[in-house]
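Engineer: Mind looking at a prediction? Sequence and model below.
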Amino acid sequence: MRDRTDRRLILLLDENLSGHKIIDGLAALNIPVKPQTEIMESGVPDEKVLTILSQHPDYYLLTKDSDFHKKPVVKQALIEHGIGAFVITAHKGKTASELVSLVGKAWNRIQRFTAKHDRPFVAKILADGRVEKAS
């Protein structure tokens, strides 16, 4: 396993977050992001997303699908492939710019979280920008 200090942190935005406004907004905040479709085709099931993501050790999934990690097959794939994922929990009714602002507010906490926690993990990004390990 690579030393965590030697790892880049790139947020892979799931398809629901991969709009240009969100990608451009996060990039403008100097947050390294890639749309999911840059490394795989559109419409791939969650467990296949995680399999492909495992081939990119610098990537961490960012999603707003708050229960994706509770599905048994996805939970198993997260563990099996050693994935780190962040879930935006307070996304209901939020515009793209509000989501960008939230991730921007959480960015330093996201970086600290990845430095302190080995994968696999799922962490929640809360409405105030805090980052907590999901149960």
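Structural biologist: Great, that's in hand.

Engineer: Taking the centroid of this structure, which residue is nearest it?
Structural biologist: residue 62 (2.0 Å; CA atoms, centre = their mean).

Engineer: what's across from it in the sheet?
Structural biologist: Under DSSP bridges, the beta-bridge partners of residue 62 are residue 13, residue 86.

Engineer: Surely it is in contact with residue 14?
Structural biologist: Yes - using CB atoms under 8 Å, residue 62 is in contact with residue 14, at 6.8 Å. C-beta: built from backbone N, CA, C; applies to glycine.

Engineer: Mind giving me the packing neighbours of the lengthiest helix in the chain?
Structural biologist: In the chain, with assignment by DSSP state H, the single longest helix is helix 96-116. Helices and strands touching helix 96-116, by 3 or more CB pairs under 8 Å, 6 or more residues apart in numbering; DSSP states H and E, are helix 20-28, strand 59-63, strand 84-88, strand 121-125, strand 131-133.

Engineer: which other residues reach that helix?
Structural biologist: The contact list for helix 96-116 (CB atoms under 8 Å, 6 or more residues apart in numbering) reads 4-5, 7, 9, 11, 17, 19, 21-22, 25-26, 29, 31, 60, 62, 64, 84, 86, 88, 90-91, 94, 123, 125, 127-131.

Engineer: Give me the angle between it and strand 84-88.
Structural biologist: Comparing the axes of helix 96-116 and strand 84-88 via axes from the mean of the first three to the mean of the last three CA atoms, to 10 degrees yields an angle of 150 degrees.

Engineer: Now helix 96-116: average pLDDT?
Structural biologist: The average pLDDT within helix 96-116 is 96.

Engineer: Can you get me the centre-to-centre distance for it and its chain?
Structural biologist: Per CA atoms, centre = their mean, to the nearest Å, the displacement of helix 96-116 from the mean C-alpha position of its chain is 10 Å.

Engineer: Pull out the buried residues from it.
Structural biologist: Within helix 96-116, the residues that qualify as buried are 99-100, 102-104, 106-107, 109-110, 113-114, counting by 16 or more other CB atoms under 10 Å.

Engineer: Thank you kindly, that will do.
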